[in-house]
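mind folding the following:
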Amino acid sequence: MLTFFEIQTLEDWHEPAFVATDSSWNPDEVAVKYQRRGLFLIYVVFIFMTTFFVLNIIITILISSYQWQTKTKYKLQELRLTSFNWMMLMEDLVSQDLKRVPQEPTNKFRKKAFHLTLNSSFDHFISYCVALNTFCLCIEYQGSPKWY
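So this is what the prediction gives:
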């Protein structure tokens, strides 16, 4: 369980991954380096799955806490009058349909950048870059220098 927790929190996860990669199917055989490279994929999948699971748990806790607060927010005996007025003002602001339409810039470069950021392909590209960055941050290799 401790190894799974270390892998999930990305704390020295590469050590058990390399030990598993260098192991052999038969315990009596001598370990050969990178003999079972397919096991490394299991570690990467485990990291992504547990990270997704923990993120979902945190979001669930936040949503349930928010729902509990919205159920109890109109109890005046628990709130001061100013807090109640503030909550009513926020509710009025949220209920209004405030859609701000961005103005297209006049500068050629800004206009191209404006249209690029409104494109859905740009959103997918940025999401891919974030996922790639997350993967690159998870990579630690055996024998890496201390500054890495």
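
can you check which helix is longest in the protein?
Counting residues, the longest helix found in the chain (DSSP state H) is helix 38-72.

so which strand or helix has F4?
helix 2-8 (DSSP states H and E).

buried sites along the helix or strand following that helix?
Remark: after helix 2-8, the chain's next helix or strand is helix 14-22, criterion DSSP H and E. Burial within helix 14-22, assessed by neighbour count using 16 or more other C-beta atoms under 10 Å, is assigned to 14, 17-18, 21-22. Using the backbone N, CA and C atoms, a C-beta is placed for each residue, glycine as well.

contacting residues around stretch 94-101?
The contact list for stretch 94-101, computed with C-beta atoms under 8 Å, 6 or more residues apart in numbering, is empty.

now the terminal residues of that stretch, how far apart.
17 Å (C-alpha to C-alpha, to the nearest Å).

how's this protein carved up into domains?
Residue ranges for each domain of the chain read 1-84, 102-148, as given by automatic domain parsing.

worst mean pLDDT among those domains?
Among the domains of the chain, domain 1-84 carries the lowest mean pLDDT, at a mean of 74.

farthest from the middle of this protein: give me that residue.
Of all residues in the chain, D28 has its C-alpha farthest from the mean position, at 41.4 Å, by C-alpha atoms, centre = their mean.

who touches that residue in this structure?
Not one residue lies near D28 by C-beta under 8 Å, 6+ apart.

for the residue nearest to L39 when sequence neighbours are not counted, what are its contacts?
Excluding its sequence neighbours, the residue lying closest to L39 (C-beta to C-beta, 6 or more residues apart in numbering) is A20, at 4.6 Å. Residues in contact with A20 (C-beta under 8 Å, 6+ apart) are 36, 39-40, 43.
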